[in-house]
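Enquirer: model this:
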Amino acid sequence: MSDDQEVKIRGPLVPVKGIPLSEHIANHYSNVLAFCPDPSDLLIATYPKAGTTWVQETVDLLLHNGNIEICKRASTPIRMPFLENSKRPGIPSGIDLLKTMDPPRVIKTHLPFQLIPKGFWENKCKVIYVARNAKDNLVSYFHFDQMNVTHPDPGPWEHYVQKFMRGQVAWGSWYDHVKSYWEEREKRNILYLFYEDMKENPQREVERIMRYLDLSLPDDVISRIVELTSFENMKENPMANYSFMPRCIFDQSLCTFMRKGQVGDWMNHFTPEQSAEFDEDYQKKMKHVYIPFRSHF
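Expert: Numbering: from 1, shown residues only. Below is the predicted model:
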């Protein structure tokens, strides 16, 4: 039976130290916790659907002087392993893949700060965190959970909004996730980026990443990287658009992995009543910290 023909079963979420994770990740977490990175490794951390792949491709291009052919050497999760992912059809586990690679490695994670293996902090690894405003992040995650058939069924939109607000989705509370990295950013030398800043001025943000990585590339290479990592180009890049994933994991007939990539798309989904309720809840959950999110330009 081929991967595409396998029966698609939506698994449950299982709590790990209070954080709901996909069952296959929760069962594998002890291996993740034991992972010890090299000090030269780079961690890219995000809440799901906050621009992860965008930053991964940007980093890979920066490290290879904007050479797109080198960056098409393999699919994104093979080039930059997904730390907590267990073995799935067509992709080895993140830990197994990292064991085959020599440092420095670029590693992806969606784990909240408290679940990150301590070796990343003890070895003073560089960490890039990307955050996206809550409403757009929710909309993108809702569509992603429709096509990611290993996650629980998202159900109707109005119910999903409530689940997101309560943190009852994979990788837990958006609020706790963005706050935990924000509060540790200076102590841990975390480069904290905003999706909206990247959309507004991608050249500026690519240059910020370049400087953080202690690189120096000419302006024409930076401009090329900005062009190559535009939403339109990445959506057509078979090594980055996750079209390589079998349908038993990502059923892109339901929704494409790269859908719109816009700021403010939430206005096409929230009713005025839902938006008001969400805003009130947001103020309660974020009242003790100010993170300069923008939900539109």
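Enquirer: gap between R294 and L33?
Expert: 35 Å (Cβ to Cβ, to the nearest Å). C-beta: built from backbone N, CA, C; applies to glycine.
Enquirer: can you check K124 too?
Expert: On the measure of Cβ to Cβ, K124 and L33 end up 19 Å apart.
Enquirer: so if I had to pick from the two, which one is more boxed in?
Expert: It is L33, of K124 and L33, that has more neighbours when counted by other Cβ atoms under 10 Å, with 16 against 10.
Enquirer: need phi/psi at that one.
Expert: phi -60, psi -30 (degrees, to the nearest 10).
Enquirer: what about the residue lying closest to it once chain neighbours are set aside, is that helix, strand or coil?
Expert: Spatial nearest neighbour of L33, excluding adjacent residues (Cβ to Cβ, 6 or more residues apart in numbering): P117 at 5.6 Å. Following DSSP: H, G, I helix; E, B strand; the rest coil, the label given to P117 is coil.
Enquirer: from V32, how far out is P117?
Expert: For P117, the distance to V32 equals 7 Å [Cβ to Cβ].
Enquirer: also Y129?
Expert: From Y129 to V32 the distance is 18 Å (Cβ to Cβ).
Enquirer: between these two, point out the one with more neighbours.
Expert: Y129 (25 against 21).
Enquirer: that one belongs to a strand, doesn't it?
Expert: Yes: remark: Y129 belongs to a strand, assigned using three-state DSSP.
Enquirer: Three-state assignment for the closest residue to it other than its chain neighbours, please.
Expert: In space, and not counting its chain neighbours, Y129 is closest to Y181: 4.4 Å by Cβ to Cβ, 6+ apart. Look at Y181: counting by three-state DSSP, its state is helix.
Enquirer: quick check, pLDDT for Y181.
Expert: Y181 is assigned 98 on the pLDDT scale.
Enquirer: looks like it contacts I190 (just checking).
Expert: Yes: using Cβ atoms under 8 Å, Y181 is in contact with I190, at 6.0 Å.
Enquirer: who has more neighbours out of the two?
Expert: Y181 (23 against 19).
Enquirer: show me the contacts for that one.
Expert: 45, 113, 129, 131, 190, 192 (Cβ atoms under 8 Å, 6 or more residues apart in numbering).
Enquirer: hmm, try it at 7 Å
Expert: With contact set as Cβ atoms under 7 Å, 6 or more residues apart in numbering, Y181 has these partners: 45, 113, 129, 190, 192.
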